[in-house]
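Peer 1: Curious how this folds, go ahead:
(2 chains)
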Amino acid sequence: GNSVTQMEGPVTLSEEAFLTINCTYTATGYPSLFWYVQYPGEGLQLLLKATKADDKGSNKGFEATYRKETTSFHLEKGSVQVSDSAVYFCALSGDFNKFYFGSGTKLNVKP
Amino acid sequence: EPEVTQTPSHQVTQMGQEVILRCVPISNHLYFYWYRQILGQKVEFLVSFYNNEISEKSEIFDDQFSVERPDGSNFTLKIRSTKLEDSAMYFCANRVGTEAFFGQGTRLTVV
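Peer 2: Reported below is the predicted structural model:
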């Protein structure tokens, strides 16, 4: 079946630190992979996506590469800001399938 | 970015009462989901709805839940007799291609 596992939080970093949030998946077929972000009190916003192996999704300084050989889609950012404080969800979906979400990782960035 | 609109943003209801949560989808996109998120926890799949029919539902989506498209535009989730454990954020999402666009959510509080 399909599932997503992401690292437990919270992750606490100082401003300008390097961020990695690990995400691994199991899937049948060839799913698309996503990172969603949820700011406090808000809904889920698509941060980036990758639709096939070796694709790199990127947005707002965040990046993630679809690694089929390690079934991973780790989220990275070179220099985090206080405004990046949020909960980050890794997700996958096949064609016309539901989205499977990881448990979320809370990121706290301190000035 | 396409926008999915949910109403109300917050609803408080007494246990045993019926609630209807509403979602206005992105025009001409017929694939919807409902998800819920109990405070601070995982985003859980409830139901997917394609072309006016339920295409998949989870174990959570029992006989107390129903989903409809009553007037050809809005999309509703009804909970017939709410329980305390139904308190959560409820998100609808519209699939556009490989992506899902989420509404801002309805916070349901059952007292």
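Peer 1: Output the set of residues of chain B in proximity to chain A.
Peer 2: Residues of chain B lying close to chain A (Cβ under 8 Å from any Cβ of the partner chain) are B:31, B:33, B:35, B:41-43, B:45, B:48, B:50, B:55-56, B:91, B:93, B:95, B:98-105. (Glycine included, C-beta is placed from N, CA and C.)
Peer 1: let's see 7 Å
Peer 2: B:33, B:42-43, B:45, B:48, B:56, B:91, B:98-100, B:102-105 (Cβ under 7 Å from any Cβ of the partner chain).
Peer 1: Of the residues you listed, which count as buried by neighbour count?
Peer 2: B:33, B:43, B:45, B:48, B:91, B:99, B:100, B:102, B:103, B:104, B:105 (16 or more other Cβ atoms under 10 Å in any protein chain shown).
Peer 1: Output the residues you listed as a markdown table; include the columns pLDDT, distance to residue B:78 and secondary structure.
Peer 2: What follows is these, written out as a markdown table (pLDDT from 0 to 100; distance: Cβ to Cβ, whole Å; DSSP: H, G, I helix; E, B strand; the rest coil):
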| residue | pLDDT | distance to residue B:78 | secondary structure |
| --- | --- | --- | --- |
| B:33 | 93 | 16 | strand |
| B:43 | 92 | 21 | strand |
| B:45 | 94 | 18 | strand |
| B:48 | 93 | 16 | strand |
| B:91 | 95 | 16 | strand |
| B:99 | 87 | 27 | strand |
| B:100 | 89 | 22 | strand |
| B:102 | 92 | 20 | strand |
| B:103 | 92 | 17 | coil |
| B:104 | 92 | 20 | coil |
| B:105 | 94 | 17 | coil |
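Peer 1: For the residues of chain B next to chain A, could you give me CSV that also reports distance to residue A:28?
Peer 2: Shown next, in CSV, are the residues of chain B next to chain A (distance: Cβ to Cβ, whole Å):
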residue, distance to residue A:28
B:33, 19
B:42, 21
B:43, 21
B:45, 16
B:48, 17
B:56, 15
B:91, 25
B:98, 17
B:99, 20
B:100, 19
B:102, 24
B:103, 29
B:104, 32
B:105, 30
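Peer 1: Between the buried ones among the residues of chain B next to chain A, which sits nearest residue A:59?
Peer 2: The nearest member of these to residue A:59, counting by Cβ to Cβ, is residue B:99 at 12.3 Å.
Peer 1: Quick check: that closest one touching residue A:45?
Peer 2: No - using Cβ atoms under 7 Å, residue B:99 makes no contact with residue A:45, being 11.2 Å away.
Peer 1: And the furthest pair within the residues of chain B next to chain A?
Peer 2: It's B:56 and B:104 that sit farthest apart of those, by Cβ to Cβ, at 23.8 Å.
Peer 1: tell me how far stretch B:30-40 is from the chain's mean position?
Peer 2: Its chain's C-alpha centre and that of stretch B:30-40 lie 6 Å apart, by Cα atoms, centre = their mean, to the nearest Å.
Peer 1: ok, residue B:104 - contacts?
Peer 2: A:42, A:43, B:6, B:9 (Cβ atoms under 7 Å, 6 or more residues apart in numbering or on different chains).
Peer 1: Ok, residue B:96 next?
Peer 2: Residues in contact with residue B:96 (Cβ under 7 Å, 6+ apart) are B:2, B:26, B:29.
Peer 1: With pLDDT and neighbour count as extra columns, can I get these in TSV?
Peer 2: Output for these, formatted as TSV (pLDDT from 0 to 100; neighbours: other Cβ atoms under 10 Å in any protein chain shown):
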residue	pLDDT	neighbour count
B:2	71	11
B:26	81	17
B:29	71	14
